[in-house]
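K.L.:
prediction below, plus the sequence it came from.
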Amino acid sequence: MSRYASPRCSEIGYWNSFVPILDFSSLDAYTDSIDGYVRNRMIAASTELYYPVRLKAHGENTTANLRKNGISHVELRMLDLNPLYPLGICRQDLRFIHLLLVWLSLQEDETFGTSEQTIAVRNMKEVALFQSDKIQIECGWHQSRPVREAADEILGDMAKTLPEYFPGKDGEVRECISFQREKVTEPSNRYAEQIRERFHNGYVKKGIRLAMEYAEKFEV
């Protein structure tokens with residue numbers, strides 16, 4: 001486990017035995033591509049599609065429901081519970097997820113075909129490794145770049161682009177992005193680094209003790 005910053009997102013996490021290639025050109029095409037894997041018995045049901053991002057409808061988690069009622073929300077499956085916070089996640093991280101989704105919605109449409117989806121899955125497994133200073137991500141056409149450099153570039157563009165979309169809250173937006181940027185520029189600010197430092201020696205006993213403290217704190 002010491003090899004990974006996020007076992008959940010790494011090669012040992014929840015993945016299908018193949019890389020699912022989905023058709024995002026329309027909702028019908030998307031659901032049809034999932035149903036195709038079910039018909040071919042590559043997955044038993046649509047719920048067994050272990051993809052980092054899934055489109056969901058309200059209610060029953062089936063492609064039939066999604067096709068009938070449309071998309072109600074986007075499920076992000078790359079988030080770990082954070083033991084450093086009693087609720088499992090930090091408020092600033094929640095804000096950042098919102099900001100990231102807004103920023104992504106502002107980007108120009110790009111082709112996301114077979115090669116792009118395959119590279120995206122490989123990149124996600126790669127960035128789940130612990131030593132971020134050694135991680136390179138693929139950028140297409142046999143090119144790669146350091147993950148820290150790529151992340152810092154995106155965060156810089158977010159800081160420049162997003163404040164105008166949140167009038168009166170531009171300071172909060174910049175502060176939230178800066179909070180994430182400090183994890184990129186200073187590895188000791190990464191949660192994985194902090195958790196390893198705190199729990200590496202006797203992590204089972206320390207983890208149970210922490211869980212009991214949180215349980216007592218929220219006991220009604």
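P.N.:
Right, received. Where do you want to start?
K.L.:
gap between Ala151 and Arg39?
P.N.:
39 Å (Cβ to Cβ, to the nearest Å). Heads up, the C-betas are built off the backbone N, CA and C, glycines and all.
K.L.:
same drill for those two, tell me which one is more crowded.
P.N.:
Neighbours were tallied for Ala151 and for Arg39 using other Cβ atoms under 10 Å; the higher tally belongs to Ala151 (19 against 9).
K.L.:
need the three-state assignment for the closest residue to that one other than its chain neighbours.
P.N.:
Nearest residue to Ala151, sequence neighbours excluded (Cβ to Cβ, 6 or more residues apart in numbering): Val184, at 4.9 Å. At Val184 the chain is in helix, as set by DSSP: H, G, I helix; E, B strand; the rest coil.
K.L.:
wait, doesn't Tyr214 sit right on Gly88?
P.N.:
No. In this structure, Tyr214 is not within contact of Gly88 by Cβ atoms under 8 Å, at 9.1 Å.
K.L.:
which parts of the chain are strands?
P.N.:
Here the chain has its strands, by DSSP state E, at 53-56, 73-76, 136-140, 143-146.
K.L.:
centroid residue for this protein?
P.N.:
Nearest to the centroid of the C-alpha atoms of the chain, with distances taken as Cα atoms, centre = their mean, sits Met78, at 3.2 Å.
K.L.:
that older thread, confirm for me that the residue nearest to Ala151 is in contact with Glu149.
P.N.:
No. The criterion here is Cβ under 8 Å, and Val184 misses it with Glu149 at 9.0 Å.
K.L.:
the two: which is more packed in?
P.N.:
Neighbour totals were compared for Val184 and Glu149, and Val184 leads with 19 against 12 (other Cβ under 10 Å).
K.L.:
the residue nearest to the centre of the chain and Trp15, how far apart?
P.N.:
On the measure of Cβ to Cβ, Met78 and Trp15 end up 12 Å apart.
K.L.:
kindly report the same for Tyr85.
P.N.:
Going from Tyr85 to Trp15 by Cβ to Cβ gives 27 Å.
K.L.:
and these two? Which one has more around it.
P.N.:
Using other Cβ under 10 Å as the criterion, Tyr85 and Trp15 rank with Trp15 on top: 17 against 13.
K.L.:
quick one: the residue nearest to the more buried one when sequence neighbours are not counted and Arg122, what's the gap?
P.N.:
Nearest non-adjacent residue to Trp15, counting by Cβ to Cβ, 6+ apart: Tyr50, 5.3 Å away. Computed as Cβ to Cβ, the Tyr50 to Arg122 distance reads 15 Å.
K.L.:
again, but for Ser178
P.N.:
30 Å.
K.L.:
ok, Leu55 next?
P.N.:
The value you get for Leu55 to Arg122, if Cβ to Cβ is used, is 22 Å.
K.L.:
okay, the two: which has more neighbours?
P.N.:
Neighbour totals were compared for Leu55 and Arg122, and Leu55 leads with 19 against 14 (other Cβ under 10 Å).
K.L.:
hmm, Arg77 and the more buried one touching each other?
P.N.:
No. Counting by Cβ under 8 Å, Arg77 is not a contact partner of Leu55; they are 11.8 Å apart.
K.L.:
buried residues, stretch 33-40. List them.
P.N.:
33-35, 37-38 (16 or more other Cβ atoms under 10 Å).
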